[in-house]
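J.: 3D, please:
(chains A and B)
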Protein chains: 2
Amino acid sequence: MKILLTACLAAGTLFAQVSYDRLRNAAREPASWLTYSGDYQSHHYSALNQINHSNVNRLKVAWMYQTRGRQHVETTPLVFDGVMYLTDPPSDVTALDLRTGRPIWHYRRGIPEGISVCCGQVNRGVAVLDDQLFIGTIDSHLVALDLKSGRVRWDVPVADPKLGYSMTAAPLALKNKIIVGVAGAEYGVRGFLDAYDPKTGKRAWRFWTTPAPGEPGNETWSGDSWKNGGATTWLTGSYDPELNLLYWGAGNPSPNYNGQSRQGDNLYSDSVIALDAGTGKLKWHFQFVPHDLHDIDSNQIPVLLDAEYGGRRRKLMLFANRNAFYYLLDRATGEFLLAKPFAKQTWAKSIDPRGRPVKNEASAPSEKGALVYPDDDGTSNWFSPSYSPRTKLFYQNVREKGAMYFLTEAQYQTGRMYLGATKRNLTDEEPYGALRAWNALTGEPAWEFKVHTPPWCGLLATGGDLVFSGTMEGDFFALNATNGKLLWRIQTGAEIWSNPISYQHEGKQYIAVVAGSTLITFAVE
Amino acid sequence: MKILLTACLAAGTLFAQVSYDRLRNAAREPASWLTYSGDYQSHHYSALNQINHSNVNRLKVAWMYQTRGRQHVETTPLVFDGVMYLTDPPSDVTALDLRTGRPIWHYRRGIPEGISVCCGQVNRGVAVLDDQLFIGTIDSHLVALDLKSGRVRWDVPVADPKLGYSMTAAPLALKNKIIVGVAGAEYGVRGFLDAYDPKTGKRAWRFWTTPAPGEPGNETWSGDSWKNGGATTWLTGSYDPELNLLYWGAGNPSPNYNGQSRQGDNLYSDSVIALDAGTGKLKWHFQFVPHDLHDIDSNQIPVLLDAEYGGRRRKLMLFANRNAFYYLLDRATGEFLLAKPFAKQTWAKSIDPRGRPVKNEASAPSEKGALVYPDDDGTSNWFSPSYSPRTKLFYQNVREKGAMYFLTEAQYQTGRMYLGATKRNLTDEEPYGALRAWNALTGEPAWEFKVHTPPWCGLLATGGDLVFSGTMEGDFFALNATNGKLLWRIQTGAEIWSNPISYQHEGKQYIAVVAGSTLITFAVE
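T.: Numbering: from 1, shown residues only, chains lettered A, B, ... in the order given. Next comes the predicted model:
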């Protein structure tokens, strides 16, 4: 009797635990994908090199898993110890057996009616620590799941969804803290970043990204505007264990586009903040766009790199901002080192020597309409860049698109959209996209690979000197990481809205990506 | 500038027309898949042999297309002249460019609220004739679409959905008629089979499958029971152009399970009917199950075969009935030749020499419950069998599952379920499935390949002596058609509820199947 395999569990090798030590050394364990950005440095890079220039043309689908999500599953899976952990909208988790591709368990979360989400009920993934997974839910709870069974260990409310808060980012697990951010700036919430005890779900600290009176930075908000000031924290940050500093991007100030009611720089909107991971105290901040009028969320992934720079070894941060500039900062001090445009932009005339933009006032939304590049989807956005220590290039998917913005009044109402402009797309120009590579330390362009539609997919560079990406037309492809030459591609049949990863199972390297609502894994025969 | 391909049209080779002559000779054009069952004989067989025992282990995903359907897209695509035509629920059609896998056009049909469908809003595919596609919609319209643009040419109502009618089957295109059946026996509709003029949408004829007073067969229904007698025609039939006879299966009598109100044989429920294609007049019929009490829809695909039988060349029909018997009939006359069980069954003690069952009265639903094999999902069902002229074997996916039925009253109410029993699954027995192969002329078993869960997937035998099938666990696999040995498989990540097909494009053979909601094509590198 021949029965095709269904999922079955072997208690032996599956469900080992993921200690903080494994997380800290994730880059040295390339067979796994242990944290959202691959490692605390957020290189989103895999050192695996079994798939390389010599065989990538023989890459083929190994197995698939079709989620219950509709189109647009924006997740990044975690993989370790024989199991893949995948989320699908709104806030569900599935554990998949790497041997068969079949589910081991599902966590299905019922979601209350009337959740306000500006940009889709997406979920970007889970964090793991010891024997638990952590997910931030669309109704703003943080939930700890048993790694082995998917059962809920604890479930705590983080914020009130009725105010417009939601959670879409993968949490970040540190030694004894689970860090979570929130979304909702489009609804005029007040942003914050939270840390929770992984064992109990008790909150350890909260850092408000719009300071209250008496706190430094409150003076950058006129009147009470800080109360609904946005600056949310809806993407996963990075961590330097040596400095014990947490790096996190903060989003646009609220209301979007219209700054009349919020005079001032509006800290810490459009900033990267460096917090003491133990206390949540601010160590330094760098604001990319003071008094933002263009929805330039600066939630992008802070990429951490230790390198020789200006004649000495420095702890650097690489940051490809949605505003079309690539920044280098000293991540110990927040010192500004470099800003270099990597796409068309018209909002700034220049960046001054201290890193502050000289704005182009003509691009501010107005009654008669103002043209600005990039549009409010940004040049970069949520999708991950990648850094390869082999090529020393920084890889970024880039959106080349402008739009017209017409100023409107913005009136705060609880739980309602809090926007100060309407948008009109350009009819006389075709937007496009490109995967661009540049020297990580200078921003000097190396190459680009253009695509038809501005992309919404993250990048993965590998030790095989490949870069993987996907398009809105459904192509998943591999480029030569050195020169951008197309080496392989496959049509997956749906828009690709996710971050590819790589892992190794039973001695074989796999690439995994979600296309549309389907997880696809690839390997060379 | 390197731009990954999006769909683009080359008016040259695409969108040739599909004449009746091509349909009639479909078996001689294996590069295409021109009609639901592959050809009028419904062999669901591809003569292509580029993929065979020597290379099937190198079969890989060529491209995919993710439909908007949720799980369970039950369609069979058509493929010809560089384009694939795919339906997804409820009644949408997409044209895909074979060169890129990308959509050329979509037909999206808005469906009114409150459509009653017993068993899911599935759609099984389109028919093509000349420059038009034809789809039967879930709200019981027949729609003609322009092949090139997907625009509606005409749209005619076939039946009233408020009465419980729906359409799920692919139409069958003949020389100058489009044949469509209806579903809805669970709602006590009166079954029929219709023919329409392909140019105008005007109805050419209708054959009622429950005869009115004065028509032959009405005497097999007590009282007015024929008026709500079911016997629907919800799967695609076959056609013999020489005899100009159309062969179609008819479903269960209504009410299901409880025969008290419908004394008699209940013609033409659970029958195969042979109609003159020009007039819709009945030529002959063969009833598999008189006075059915077990929901033994006999809508399975009539497979037509010309072969030496009993010492002379005969026009045969092979019919693997949901009731677990495999029948051979003379399709010119309707003469019964053979019935042989191919799965466990308890509803009949035997089949008499004229093909009429001797029923097991203990299996009739009763107040205290009656056990019966197969259950109401049948041993076979909608999913296609396959016949290979090379191995001369008949291939059928088989469900091995029984259940208990408890008699209830059945009261007809317009548009409501009209059932006379409740069902209880067995707890002390694990159902299973098998792909079985038997000698098409004798029914003698050749081999079987067991699978874990009773399957819901059709079969494709090929000229490479392979049989393709899929499981409820998501495996799509190829067997050696001669001995049933597993040669290749892949995990597709969702239940497979469709019929695989094969086609050739630019000199290369492809296998295509829908798994879950994703169309996947396979080829050897």
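
J.: alpha carbons only for contacts and neighbour counts from here, please
T.: Noted.

J.: which residues pair with whichever residue of the stretch 51-200 of chain A sits closest to chain B across the strands?
T.: Relative to chain B, the nearest point of the stretch 51-200 of chain A is residue A:65 (3.6 Å; CA to the nearest CA). With beta bridges defined as DSSP bridges, residue A:65 has these partners: residue A:519.

J.: Just the pLDDT for it.
T.: Among the per-residue scores, residue A:65 shows a pLDDT of 97.

J.: Would you confirm that it contacts residue B:494?
T.: Yes. Assessed by CA atoms under 8 Å, residue A:65 is found in contact with residue B:494 at 6.6 Å.

J.: Between these two, which is the more surrounded one?
T.: residue B:494 (27 against 22; other CA atoms under 10 Å in any protein chain shown).

J.: give me the element that one is part of.
T.: Take DSSP states H and E as the rule and residue B:494 turns out to sit in neither a helix nor a strand.

J.: Who are the contact partners of it?
T.: Going by CA atoms under 8 Å, 6 or more residues apart in numbering or on different chains, residue B:494 touches A:65, A:66, B:71, B:472, B:473, B:474, B:515, B:516.

J.: Between the residues you listed, which sits nearest residue B:239?
T.: residue B:515 (28.8 Å; CA to CA).

J.: I'd say that closest one and residue B:500 touch.
T.: No. Using CA under 8 Å, residue B:515 is not in contact with residue B:500, being 9.6 Å away.

J.: Looks to me like residue A:43 is in a strand.
T.: No. Counting by DSSP: H, G, I helix; E, B strand; the rest coil, residue A:43 falls outside a strand, being coil.

J.: Would you mind naming the residues that bridge with residue A:145?
T.: Per DSSP bridges, the residues bridged to residue A:145 are residue A:133, residue A:152.

J.: Got phi/psi on residue A:362?
T.: For residue A:362, the backbone dihedrals (degrees, to the nearest 10) come out as phi -70, psi -20.

J.: before we move on, what about residue A:423?
T.: phi -120, psi 140.

J.: Name the residues of the stretch 151-300 of chain A found near chain B, please.
T.: Within the stretch 151-300 of chain A, not a single residue sits near chain B (CA under 8 Å from any CA of the partner chain).

J.: pLDDT below threshold where in the stretch 151-300 of chain A?
T.: Regions of the stretch 151-300 of chain A meeting the criterion pLDDT under 70 are absent.

J.: Show me where it has its strands.
T.: A:152-157, A:172-173, A:178-181, A:192-196, A:203-208, A:238-240, A:245-249, A:271-276, A:282-287 (DSSP state E, counting those that start in this stretch).

J.: Tell me which of those sits nearest to residue B:163.
T.: Short answer: strand A:152-157, nearest of the strands of the stretch 151-300 of chain A by CA to CA, at 46.3 Å.

J.: Run through who's touching that closest one.
T.: Under CA under 8 Å, 6+ apart, the answer for strand A:152-157 is A:140, A:141, A:142, A:143, A:144, A:145, A:146, A:200, A:201.

J.: Likewise for stretch A:434-445?
T.: A:309, A:318, A:326, A:328, A:338, A:340, A:342, A:387, A:392-400, A:446-451, A:454-455.

J.: what about the helices in chain A?
T.: For chain A, helices defined by DSSP state H occupy the ranges A:20-24.

J.: number of nearby residues for residue A:105?
T.: Neighbour tally, residue A:105, other CA under 10 Å: 18.

J.: quick one: contacts for it?
T.: Residue A:105 neighbours (CA under 8 Å, 6+ apart): A:94, A:95, A:96, A:149, A:150.

J.: Go again with 10 Å.
T.: A:7, A:85, A:93, A:94, A:95, A:96, A:97, A:147, A:148, A:149, A:150, A:151 (CA atoms under 10 Å, 6 or more residues apart in numbering or on different chains).

J.: Equivalent analysis for residue A:174, please.
T.: So residue A:174 contacts A:19-21, A:23-24, A:40, A:127-129, A:195, A:198, A:239, A:241, A:244, A:246, A:277-278 (CA under 10 Å, 6+ apart).

J.: what do you get for residue A:89?
T.: Contact partners of residue A:89, counting by CA under 10 Å, 6+ apart, are A:67-75, A:108-109, A:120-124, A:137-138, A:168, A:517.

J.: again, only this time at 7 Å
T.: A:69, A:73, A:121, A:122, A:123 (CA atoms under 7 Å, 6 or more residues apart in numbering or on different chains).

J.: next one: residue A:62
T.: Per CA under 7 Å, 6+ apart, neighbours of residue A:62: A:521, A:522, A:523.

J.: who wins for most neighbours among the residues you listed?
T.: Counting by other CA under 10 Å, top hit in the contacts of residue A:62: residue A:521 with 24 neighbours.

J.: tell me, how many neighbours does the closest residue in space to that residue that isn't next to it in sequence end up with?
T.: With sequence-adjacent residues excluded and distances taken as CA to CA, 6 or more residues apart in numbering or on different chains, residue A:521 is closest to residue A:512, at 4.3 Å. Neighbour count for residue A:512, taken as other CA under 10 Å: 23.

J.: What of residue A:129?
T.: 27.

J.: Tell me the bridge partners for it.
T.: Bridge pairing for residue A:129 - DSSP bridges - gives residue A:132.

J.: So it sits against residue A:16, correct?
T.: No. Counting by CA atoms under 7 Å, residue A:16 is not a contact partner of residue A:129; they are 11.0 Å apart.

J.: and the stretch 401-525 of chain A, which of its residues are near chain B?
T.: Residues of the stretch 401-525 of chain A found near chain B (CA under 7 Å from any CA of the partner chain) are A:449, A:450, A:451, A:452, A:473, A:490, A:491, A:492, A:493, A:494.

J.: do you know how far the fourth one is from residue A:400?
T.: Note on residue A:452: its distance to residue A:400, by CA to CA, to the nearest Å, is 10 Å.

J.: Who has more neighbours out of the two?
T.: residue A:400 (22 against 18).

J.: What residues does that one make contact with?
T.: So, once contact is read as CA under 7 Å, 6+ apart, residue A:400 ends up touching A:343, A:344, A:374, A:379, A:431, A:432, A:433, A:454.

J.: Contact partners for the residue lying closest to residue A:359 once chain neighbours are set aside?
T.: For residue A:359, ignoring the flanking residues on the chain, the nearest one in space by CA to CA, 6+ apart is residue A:348 at 4.2 Å. With contacts defined as CA under 7 Å, 6+ apart, residue A:348 is in contact with A:357, A:358, A:359, A:360.
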